[in-house]
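Chemist: Pasting the sequence and the predicted coordinates here, then a few questions.
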Number of protein chains: 4
Amino acid sequence: METLLRRCQIRSQIVRECIAEFLGLYILIGSGAAAQVVTSRGTHGDYLTIQLGSALGAVFGIFVARGVSGAHLNPVYSLSLCVLGRHPWKKLPLYSLSHLVGAFLGAATVYLQYYDAIQTFSGGELLVAGPNATAGIFCSYPADHLSFWGGLVDQVVATALFLLCCVALEDQRNGPLPDGLHPVLVGALILTMGVSMGSNCGFPLNPARDLGPRLFTFVAGWGEEVFKAGGGWWWVPIVAPFVGGLLGTLTYELLIEAHHQTTPQSPQQEQEAVELEEVVVDSGNNSDTLCTYAVWMAVILSQFVQLEKFQQFLKPETFYWVITVISLMPVLEAGEEASLAIL
Amino acid sequence: METLLRRCQIRSQIVRECIAEFLGLYILIGSGAAAQVVTSRGTHGDYLTIQLGSALGAVFGIFVARGVSGAHLNPVYSLSLCVLGRHPWKKLPLYSLSHLVGAFLGAATVYLQYYDAIQTFSGGELLVAGPNATAGIFCSYPADHLSFWGGLVDQVVATALFLLCCVALEDQRNGPLPDGLHPVLVGALILTMGVSMGSNCGFPLNPARDLGPRLFTFVAGWGEEVFKAGGGWWWVPIVAPFVGGLLGTLTYELLIEAHHQTTPQSPQQEQEAVELEEVVVDSGNNSDTLCTYAVWMAVILSQFVQLEKFQQFLKPETFYWVITVISLMPVLEAGEEASLAIL
Amino acid sequence: METLLRRCQIRSQIVRECIAEFLGLYILIGSGAAAQVVTSRGTHGDYLTIQLGSALGAVFGIFVARGVSGAHLNPVYSLSLCVLGRHPWKKLPLYSLSHLVGAFLGAATVYLQYYDAIQTFSGGELLVAGPNATAGIFCSYPADHLSFWGGLVDQVVATALFLLCCVALEDQRNGPLPDGLHPVLVGALILTMGVSMGSNCGFPLNPARDLGPRLFTFVAGWGEEVFKAGGGWWWVPIVAPFVGGLLGTLTYELLIEAHHQTTPQSPQQEQEAVELEEVVVDSGNNSDTLCTYAVWMAVILSQFVQLEKFQQFLKPETFYWVITVISLMPVLEAGEEASLAIL
Amino acid sequence: METLLRRCQIRSQIVRECIAEFLGLYILIGSGAAAQVVTSRGTHGDYLTIQLGSALGAVFGIFVARGVSGAHLNPVYSLSLCVLGRHPWKKLPLYSLSHLVGAFLGAATVYLQYYDAIQTFSGGELLVAGPNATAGIFCSYPADHLSFWGGLVDQVVATALFLLCCVALEDQRNGPLPDGLHPVLVGALILTMGVSMGSNCGFPLNPARDLGPRLFTFVAGWGEEVFKAGGGWWWVPIVAPFVGGLLGTLTYELLIEAHHQTTPQSPQQEQEAVELEEVVVDSGNNSDTLCTYAVWMAVILSQFVQLEKFQQFLKPETFYWVITVISLMPVLEAGEEASLAIL
């Protein structure tokens, strides 16, 4: 057996990583609990078990892939790492493709396993909407109350919070984490998203996890309605998570990680750093406290002054401009890195 | 990117801590699950998912802030640490302000994300009471059966148990805890509070977490009813947690932490300590056992003797005087420390 | 503050331990979730949240007491440790008394906190049975279908499995456990009991946890009906757990722990042990395999042969005699140790 | 006590292991939560509590047995380890027998504990189907909608994913895991299976866990209907898990574990390995990337081309041939090892 396996060994790092990412997302989708709850009409689980299934599926997807590729399992996370310079841009499309194929085949496996149940539940008709709809088992569709802008904002906010916490969990300087606990915490984070941000449009958070199963339902019999439903909703969970992911990553970087004290390289630098530190701390005790008070006061006051304006500000449209600016950043970044590579 | 971030670096410790506390509470609120359950009328979750959302939101709030500021995320916890002399009193108002601003903006984010759902659910009217009330998504209101004294006692008891356990988890001499498990356990503690002490008034436990969103609902359209509801309930979840928090902290200190054996500084002291210890243990075996029996017997007997009086004692009013005395302690303490600082 | 606390320091080990056990059980009861679910008539939780509340309450009770007294929190567990010779018999009654007082005061706190809710729910009448019964919030009563023998067997089996797993978790030679995970696993064990053995009589498992709150309800207004209900049920959750606890502890000791290889003291002994080991392993490969096959075959065959007898054997009465024999063991043990202490 | 226990010590390794496996599965079954939910007609738990009970029962079964035998608790897992050459084939039947006996006695204990409840619920008649059926408490029966092939596929897919994740958790080179977390993660994995793959036929996953209780219900009064129900369903959860388990184990081995870099034995080999590595990495950057793109593209294209064929491919029958080939592997393997042992 051992020798048999050794003969199959792949030595190329990138191929191994792609296979690991593929298998991780395959498991993540393959253990989706929505099929069970939908087809059993709620007798074998409820909303919480669907979320538990998603979260735990992700945990084991991560455990399968973490040692080989780091278990991104989400193109948004890969993009964030690229923007932060912790992952080569070159690998991004390959990883994304692996995710897509894994999600596609994972959805196919769920369909295979629940073939009888889906046929019985839907009476043989594969529908996207209505009481016997089964497309919602595989990918996300917006709730009736959700407007287009509302859906966009929902996805941006949810993915921003998700990535912010993901990046925080990875930040070794913010506090150590026992090895093996990290995948469990990411699963808990997905559960948090599910129980608090799932009712608008099912918190896709992950373009590959949404597009792969959607493509599968397209070819497997649900037809082009999967792209038409919700007023052409399908591209929102592909674009919005990238924007939200960058927003969240940058928020964490700007508010927390950028300010970790850098460790000095030589003893002399260390000496200087200590002296500098002392000066900072000394002056900090006098002026910083006042300064911080002032800043917070200004923030609070400004909000009360804008009492009337505030309600208009809460319209989702104003959000749009902030997002556009942010979404240009990785393009610039990629261009910069590309030009550096050429030079 | 790295250089861009480095240019934004803040070197002042206190500003960094305030930002971390702000972001931590922002995440704690931002992932509140009540909006989802209320606006979906229970189809996307139930009471348990709300509590899971709160608890897990707190877990990730702590993970974001723990490395920078220790992740208090609650003015009551900051106060307890100040009283125990483990946190400078000077930072207390700054931390509390950061908490308040974080909670305010977190509530704003929830409103932004659930704008469509809240409008559809409430028919456009933002109400504090009634079947279409939405104010309960953001902050706590008392249940119909709850009297004023009952609410006060509920908050004091719940926060006392909460802080008692928080301080116990922090107590290194009571037993080691793997790094990274601590935030998860605080989350589990919040879940415990939610499933066992949430039906009276929604276990705020945290003045900032309650006042911040309440201020937001005030400015965002629910109007001054948010302060009038429940007979002017709003100040109870601000004052009572401080009282309960001190009660719980002092209970743990007096019953457990004060009695940990102090580690001696020099070998000679150590020698004496060992000898003393032996004497204590020796005599303990004879007299202490008897003594403890006697104490417990007295406690038990006194309770049976007071059989008739007991029922009157259980009135919440008697509780009031105990609380008043305890709530004076931090004032004295602060005064003492202030006078020491002056001297 | 520090000096204030130091002045209160108790140096007697036994008094400290009793206080810790008292506080641990006080927290365990104080965070009981049944009051919330009962008085809200299921709107603020369901069966699962009650079990989560019990389990998590125990987790934090253990975290509070573990560093001082080892957090037994259950007279049955103390008894098991005494029988195994890992805890002095002398401390057993003191620990049990502390547990009882903690449970009594914990129940009083729950009553204080839910005073308004219980009064509203029950219409002012404190009843033990019927649709508005509130006594079940505090201690266990048997379900209607449960016979006397059935209740006894239920308690013995449940406590046996509970203690078997508790002792297994403590067994360092069975596998290491990260410090800090142990209390969480005990909580998970209590949750397991709750979701799988709670419908017959509410899985008390703990004499103090049942008797303390029962005494409280007796003095607080429910009257002597708390002892009369269920045909004088009250003594079953006091006696049966001790029997079951011993059964479970001894099962683990006899089946697993007794067979751990003892580590030899001197190099020579080590040498001999290794040689012996080799002989055992050598012969084991030939004869043991056959022998084990034979034993299992005999077990299986004997059960199929007894096909007709089997159904009668399943009557709970036959269980009774096994239990009687086992329950005599600690008496003998205590006597033996007492006589040794005298000598 | 100590001496008493030492006298009972068994020194044979294989007997100890069998006893541990027996006790582990006994606990796994003994804490089954289905009896409680069924006999209380859903008032004491719901679908989620059944799954929590199964998962946590397995966690504590593992904790009891892990130090002695490694806690397989599943003949499928033992078989997988044998195929991978990590467990002697000779022990496989012994382990499986221990599992069977443990499951049989575990089911007997559940019946003993719920004797009154089952009698009351079923009106004294022990039935396999209908509204008062109680056989489903002990072992799996297919849902009405499930066809024969659907059931086979469901079991193969579920066990494949289960074993794939189990083997991944065991793979030390994929990433370290704190000792003590492993049993908890296996429990979480079982919960994942329960919430996402339980509605077709109750996810047995474990031949011994299904056959043992089935035999018990056969002798205890449910009669031969337990083997006839579901069109002779009983052998599917015995055969299919072995096939699925091998499929999952081999998938992980071929896709992930086979490609871990082997650590070289001597410095010279190390040197060569490093050089080889560099060559691989160098060439990889140019050709591998292209190559991987090409492979994924081919996979994707082939699936779109087969658009029409695809729907027929999704019939479970095509799955059958894949399975047959794979199920022959362990036979060959066992034969090979047997012949080696003879030589």
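Modeler: Yes, it's here. Just so it is clear, the model here is predicted, and its values are computed rather than measured.
Chemist: Low-confidence ranges, chain A, go.
Modeler: Chain A contains residues with pLDDT under 70 at A:1-8, A:30-31, A:262-343.
Chemist: Check which helix or strand A:Gly67 maps to.
Modeler: Using DSSP states H and E, A:Gly67 sits within helix A:47-69.
Chemist: Please report how far the most centrally placed residue in chain A lies from A:Gln172.
Modeler: The C-alpha lying nearest the average C-alpha coordinate of chain A belongs to A:Leu205 (Cα atoms, centre = their mean; 4.6 Å). From A:Leu205 across to A:Gln172, the span is 24 Å (Cβ to Cβ, to the nearest Å). Every residue, glycine included, has its C-beta placed from N, CA and C.
Chemist: Next one: the residue of chain A found nearest chain C relative to C:Val186, how far apart?
Modeler: Residue nearest to chain C within chain A: A:Pro178 (7.5 Å; Cβ to the nearest Cβ). As defined by Cβ to Cβ, A:Pro178 lies at a distance of 20 Å from C:Val186.
Chemist: likewise A:Ala65?
Modeler: 33 Å.
Chemist: Ok, A:Ala108 next?
Modeler: A:Ala108 is 43 Å from C:Val186, by Cβ to Cβ.
Chemist: One more: A:Gly61?
Modeler: Counting by Cβ to Cβ, the gap from A:Gly61 to C:Val186 is 30 Å.
Chemist: How about A:Leu205?
Modeler: For A:Leu205 relative to C:Val186 (Cβ to Cβ), the value is 35 Å.
Chemist: what do you get for A:Asn74?
Modeler: Distance from A:Asn74 to C:Val186, by Cβ to Cβ: 36 Å.
Chemist: quick one: which of the two has more around it?
Modeler: Counting neighbours by other Cβ atoms under 10 Å in any protein chain shown for A:Asn74 and for C:Val186 shows that A:Asn74 has the greater number, 28 against 23.
Chemist: And what about the nearest residue to A:Trp233 once chain neighbours are set aside, helix, strand or coil?
Modeler: Leaving aside its chain neighbours, A:Trp233 sits nearest to A:Pro142 (5.3 Å; criterion: Cβ to Cβ, 6 or more residues apart in numbering or on different chains). The local conformation at A:Pro142, judged by DSSP: H, G, I helix; E, B strand; the rest coil, is coil.
Chemist: Check A:Asp179 too.
Modeler: Per three-state DSSP, A:Asp179 ends up coil.
Chemist: So what's the residue count around it?
Modeler: Residues near A:Asp179, counting by other Cβ under 10 Å: 14.
Chemist: And for A:Ala55?
Modeler: Neighbour tally, A:Ala55, other Cβ under 10 Å: 26.
Chemist: Quick check: which element contains the nearest residue to it once chain neighbours are set aside?
Modeler: Distance criterion Cβ to Cβ, 6+ apart; nearest residue to A:Ala55, sequence neighbours excluded, is A:Leu191 at 3.9 Å. Take DSSP H and E as the rule and A:Leu191 turns out to sit in helix A:181-197.
Chemist: could you check the angle helix A:47-69 makes with that helix?
Modeler: Here helix A:181-197 runs at an angle of 150 degrees relative to helix A:47-69 (axes from the mean of the first three to the mean of the last three Cα atoms, to 10 degrees).
Chemist: which residues touch the very next helix or strand once past helix A:181-197?
Modeler: Next along the chain after helix A:181-197, taking DSSP H and E as the criterion, comes helix A:207-217. Residues from elsewhere that reach helix A:207-217 (Cβ atoms under 8 Å, 6 or more residues apart in numbering or on different chains): A:25, A:28-29, A:74-76, A:96, A:99-104, A:106-108, A:111, A:126, A:135, A:138-140, A:204, A:226-227, A:234, A:237-239, A:241-242.
Chemist: Beyond helix A:207-217, next helix or strand please.
Modeler: Later in the chain than helix A:207-217, the nearest helix or strand by DSSP H and E is helix A:225-232.
Chemist: what's the offset of that following helix from the middle of its chain?
Modeler: 23 Å (Cα atoms, centre = their mean, to the nearest Å).
Chemist: And the following helix or strand past that helix, what's buried?
Modeler: Next along the chain after helix A:225-232, taking DSSP H and E as the criterion, comes helix A:236-255. The neighbour-count check on helix A:236-255 (16 or more other Cβ atoms under 10 Å in any protein chain shown) flags A:236-238, A:240-255 as buried.
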